[in-house]
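Asker: I'll drop the sequence and a predicted model, then ask my questions.
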Amino acid sequence: MEELFYLQTEDGNKQQCKVVLTFDSDEHSYVIYSFIDEEGNESEDVSALRYELDDEGNMTDFSDLETEEEWEMVEEVLNTFIADSNDEDSEFFTVTDENDQELLCEVLYKFELKEFGKHYVLYSVAEEDEEIGELFAAEYTPGENGEVAQLHPIETEEEWEKVEEQLAFMQGNNEE
């Protein structure tokens, strides 16, 4: 179902907007939205705001994002959402375990942490007729099409903390 809301413009008019995605961080709730023109056409451009929920569960009290870090976080969430939406088929790769057995692994999330200049993948071993099992994380080298070409261990505690934050953030968004 398409969710719409209105924003008050600087000239006092109301602008209709379409919700692309909502998500929560530890501190705020965010909406990524596009504009709808008078003819009902949706703009390709998107923007983001903070919001609160009123007693009836409607978005209210919109406010601008305040920091560059906030904008970067919103951009990362949007890029992850777009990447997940574009991946109709699951992505798989193989690893060799300590017994030289090849295991088929399913990519659950891929993301980049710009502060480290590295790509990361969260994955599980793909087993028939089973829910997602144990979760693994690694740094990876992307192939020509962005696929997982080579895995590398996550080496620093700082990287692990950021990967765990990203995982917690993504899991929180999937529960909605």
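Answerer: Looks like it came in fine.
Asker: count of neighbours near K118?
Answerer: K118 is flanked by 17 other residues according to other Cβ atoms under 10 Å. In short, each C-beta sits where N, CA and C put it, glycine included.
Asker: the helix or strand harbouring K18 pairs with which strands, parallel or anti?
Answerer: According to DSSP states H and E, K18 maps onto strand 14-24. Sheet pairing of strand 14-24 (DSSP bridges) gives strand 4-8 (antiparallel), strand 29-36 (antiparallel).
Asker: average pLDDT for it?
Answerer: Averaging pLDDT along strand 14-24 yields 90.
Asker: what sits up against it?
Answerer: Residues from elsewhere that reach strand 14-24 (Cβ atoms under 8 Å, 6 or more residues apart in numbering): 2-9, 29-36, 42, 46, 51, 59, 77-78, 81, 172-173, 176.
Asker: the closest residue to D97 other than its chain neighbours: which element?
Answerer: Leaving aside its chain neighbours, D97 sits nearest to L103 (5.7 Å; criterion: Cβ to Cβ, 6 or more residues apart in numbering). The secondary structure element spanning L103 is strand 102-113 (assigned by DSSP H and E).
Asker: again, but for D100
Answerer: Using DSSP H and E, D100 sits within no helix or strand.
Asker: okay, now it: neighbour count?
Answerer: Other residues lying near D100 total 6 when counted by other Cβ under 10 Å.
Asker: next up, phi/psi of it, please.
Answerer: The phi and psi values for D100, taken as degrees, to the nearest 10, are phi 60, psi 30.
Asker: likewise F116?
Answerer: phi -100, psi -10.
Asker: that one touches K162, doesn't it?
Answerer: Yes - under the criterion of Cβ atoms under 8 Å, F116 makes contact with K162 at 7.4 Å.
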